[in-house]
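# Sequence and predicted structure are below.
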Amino acid sequence: MSEFVRNTWYMAAWANEVPEDGFLARTFLDEPWLILRKSDGSWAMMADRCPHRFVPLSRGKRKGDTVACGYHGLTFDTDGACVFNPFGREVPPETKVAARPIVEKDGALWFWPGAPDRADPALIPDFSFIDDASDARDHLVMDVNYELISDNLLDLSHAEFLHVETFGVNGSLFECGKQTVETDASGGLWNKWDMVGSRAPVWAEPIVGPGVPVDQWLHIRWHAPASLALYIGMARTGTDRNDLVVPPMANPHILTPKTATETHYFFTRGHGEEAAAMARRVFLEEDEPMIRAQQEAMKGRDFWEMRPVIMPSDAAAIRARRKLMQMRRDEAIEGADAV
Amino acid sequence: MSEFVRNTWYMAAWANEVPEDGFLARTFLDEPWLILRKSDGSWAMMADRCPHRFVPLSRGKRKGDTVACGYHGLTFDTDGACVFNPFGREVPPETKVAARPIVEKDGALWFWPGAPDRADPALIPDFSFIDDASDARDHLVMDVNYELISDNLLDLSHAEFLHVETFGVNGSLFECGKQTVETDASGGLWNKWDMVGSRAPVWAEPIVGPGVPVDQWLHIRWHAPASLALYIGMARTGTDRNDLVVPPMANPHILTPKTATETHYFFTRGHGEEAAAMARRVFLEEDEPMIRAQQEAMKGRDFWEMRPVIMPSDAAAIRARRKLMQMRRDEAIEGADAV
Amino acid sequence: MSEFVRNTWYMAAWANEVPEDGFLARTFLDEPWLILRKSDGSWAMMADRCPHRFVPLSRGKRKGDTVACGYHGLTFDTDGACVFNPFGREVPPETKVAARPIVEKDGALWFWPGAPDRADPALIPDFSFIDDASDARDHLVMDVNYELISDNLLDLSHAEFLHVETFGVNGSLFECGKQTVETDASGGLWNKWDMVGSRAPVWAEPIVGPGVPVDQWLHIRWHAPASLALYIGMARTGTDRNDLVVPPMANPHILTPKTATETHYFFTRGHGEEAAAMARRVFLEEDEPMIRAQQEAMKGRDFWEMRPVIMPSDAAAIRARRKLMQMRRDEAIEGADAV
């Protein structure tokens, strides 16, 4: 059984990460890929490995809508066909590289590593809430397995401990947090923490006035394999969440496995250096070291094999893990790995 | 068969290494542990791994005589029981971490990783000779297997070669060294090198006078698994070892496996920076590189599988290895690994 | 089946690399060896591993024509016999280290890791063309498998791409290159690229005159396991290759596996720092990164298991690979691994 689900959309990159007239080389699901925008504006994704001597095509050069290998010059079009051999001219028919469906939606590029005929763009989760006026699109790599990051995001109660210095919610979460787990029509799984009539955090007191209670919410949405959206809000209690204290926030947290132990993390944050540094502090100095310590303690063993204690707050994370396990099982039965 | 003996006392730390009101996190036998002194002055040792998401509890905080996990706040007492869950309140009964017997003796902390009911403190080897007035307690980690260090210590003839520039004994050892291997009532195995009527080393000549013969001895005591004591002395020949040239020395060399290829080395040396540096020179610039070269040459193979040539000077080291092998075999039969 | 051919000559070092009165320690075929020139001028090669505790003898000292271990002083002659034990005097008869036939030819030292009775020096390939007046003998280690470097050298068409900035041949190779693969009486396999009536490279135009056609050739000779000789020349077309434009070049490219993924590379280049730097640029900044990317893409899998596409230009490389595979198979049947 493959460790990765294949018949699903994964985010490959923000569209603006791909250099014009060049390509972006990136590893997904433990395989090297090359992404480029063709001269007609459409996107292409091809294996970053020459079938002749297995070197990365990204060590070669883009020539129009083809890529020439930097070792012996074999040249491939974006469908993966070899269109030129500088020596010997003839090209054996098996000289081709794999290609994958890739589409742009909401400024993100999504690819489908499984059976191409099932690659329905309507299945791509909605991230249309991203607002480039306020949000900078960003990307980093965490040296941990993607499901461990999903676990982290699907139980935001950890913010009270791990992020207490950056955005801990002042204890309100365990004073009056109520957790709801539900699904929506798009297949999204939601974990909602709601704090009704809670103490306002210190920074909000001057805004709401002393002792005035607020409703706070931390809602996170998950789509398989690990594309998450986080919604945060605060309103004066009793206003049906209409009298907002601060503008509501919505952020993508989209995870794509680089390998079994490394993950591409796509997110947005405010514009500017300070917001970039703050995001890195939270992700790389708070979350990642803790999750990496978890991964190291697991020593390559499966999560369930470790017999974790399950807490009520794990409800959403466990459902997400079960869903992925079911998808992998289904694909193993169908032989989807062979794609 | 486990690679480590379990029903035996291992040294965990010098008592003065454990911070008051905090804890000491250290890996032994390839597992992470946390050591603390409780408010009543007694010692506790608990697994440094939260049973919820496997992260080290040492990334959390000590709160009185409990430790709170830094990820989601689960809090454990020193018996390993979970005494608080900030979210959801109820705690599944399997929410606990392992604890181990740990006792202080001669200023060292000793733990017993095997069956707790066999953990008799009377079995801890005697290191009461340590004199804090003259000896500084020290600790380092060597990146080699602990049995290879035992081999090194149980055949001190290597001092004539490996330590010739630091404390080589001037050739006396192979001029007139006589080796005796014996056991004592405490289960200690002794390797004794005696040099009767030997030439005094150059540094001792001004003390004893030119040409005056001396008796020298290098005696080392081993208790399983690898707790050694070294005794060194020099007396004028014919005085029944009573007319000592310099005060006799006794030093602990106590080894506890961190992993199969890393070892905690507990020792004493003179007070002050110079003595600390000298000890590190001998251990880390003379012994460790040689033993690591040995370990690398073994490429993970078992010592006996390498078919080593056995010399008469190996008598004690071989007996110690056989004793450990017998203990591991006995434990495998008894199922002690399951503890 | 061993991954290395054993009944063949491998180059160990340039004779001038071995320090007088000392020794050279080097790993070949994943085993550590020690090379020295005896007081009578003959060469010796012995295992760099003491049979007592497996440490490298090269951590000890040369004493005349013997080597004393730096751990406990066991001393070996160059036939591998233990001739002295400082402690206990008696030496168990199995106390010996392996020795290998080693001979000097053309300023290079060659050893035979297989059955010693088959080690016929007449089988050593000819490198008598090396001219110390013009050629500096050099050595480096590449972190790639030796067969991948052979592949590289046996298809010099890669120069048009990988070395286009250092010595690309101006496109002539694919304009009019003709490839011939043949063998010679010595067992040498030749891959010859000939460019008859080709455009002269830019740097040669002032010499030959504008528009004057030249014949160019790139001939490379391979002997198992991976001892190659490169011949390069340029003459005015129609002169039967007698009217040379520049002096012809002949260079050794001799490869000896250090391990399965590291290779000793013996070569010559012009005297002086600039030529040394240029050689390193070509080898370490152009060839090695590409071949290492290839090796990483292979992830330890066998070359054939990767199902490479075979191009006409691979003819020589494939024949060399098949020859080595046949040799390994023959040795597996004969049990040559047991040597």
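Yes, it's here. Residues are numbered from 1 along each chain as shown, chains lettered A, B, ... in the order given.

# how about the helices in the stretch 1-150 of chain A?
A:146-154 (DSSP state H, counting those that start in this stretch).

# beta partners for the residue of the stretch 201-339 of chain A found nearest chain C?
Relative to chain C, the nearest point of the stretch 201-339 of chain A is A:T259 (11.3 Å; C-beta to the nearest C-beta). (Each C-beta comes from the backbone N, C-alpha and C, glycine too.) Going by DSSP bridges, A:T259 is paired in beta bridges with A:E262.

# Relative to B:W217, how far out is it?
Distance of A:T259 to B:W217, given as C-beta to C-beta, to the nearest Å: 58 Å.

# Let me see the contact set for A:V67.
The contact partners of A:V67, by C-beta atoms under 8 Å, 6 or more residues apart in numbering or on different chains, come to A:F23, A:L34, A:L36, A:M46, A:L57, A:G60, A:K61, A:T75, A:F76.

# one more time with 6 Å
A:L57, A:G60, A:F76 (C-beta atoms under 6 Å, 6 or more residues apart in numbering or on different chains).

# Can I get the buried part of these as one ChimeraX selection?
For the buried members of the contacts of A:V67, the matching ChimeraX selection, counting by 16 or more other C-beta atoms under 10 Å in any protein chain shown, is:
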select /A:57,60,76
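
# Out of the contacts of A:V67, which is nearest to chain C?
Set against chain C, the nearest of the contacts of A:V67 by C-beta to the nearest C-beta is A:G60 (7.7 Å).

# Report pLDDT for the closest one.
Per-residue pLDDT puts A:G60 at 97.

# And A:V339, by the same measure?
Listed pLDDT for A:V339 reads 46.

# which residues touch A:L36?
With C-beta under 6 Å, 6+ apart, A:L36 has these contacts: A:F23, A:A44.

# please redo it, this time with the cut-off set to 10 Å
A:18-25, A:42-46, A:62, A:65-67, A:78, A:102 (C-beta atoms under 10 Å, 6 or more residues apart in numbering or on different chains).

# Run through the bridge partners of it.
Beta bridges link A:L36 to A:A44, judged by DSSP bridges.

# For the residue of the stretch 101-250 of chain A at minimum distance from chain B, grab the count of nearby residues.
The nearest approach of the stretch 101-250 of chain A to chain B comes at A:F174, 4.4 Å away (C-beta to the nearest C-beta). By other C-beta atoms under 10 Å in any protein chain shown, 17 other residues sit near A:F174.

# does it count as helix, strand or coil?
Recorded secondary structure, A:F174: helix (DSSP: H, G, I helix; E, B strand; the rest coil).

# That one and C:R328, how far apart?
Noted for A:F174: a distance of 66 Å to C:R328, by C-beta to C-beta.

# what does A:T180 give?
Taking C-beta to C-beta, one finds A:T180 at 65 Å from C:R328.

# and if you look at A:M298?
As judged by C-beta to C-beta, A:M298 and C:R328 stand 39 Å apart.

# other SSEs contacting the helix-or-strand element of chain A with minimal mean pLDDT?
Least confident element among the helices and strands of chain A, by mean pLDDT, DSSP states H and E: helix A:172-176 (a mean of 79). Packed against helix A:172-176 by the contact rule (3 or more C-beta pairs under 10 Å, 6 or more residues apart in numbering or on different chains; DSSP states H and E) you find helix A:159-162, strand A:189-198, strand A:214-223.
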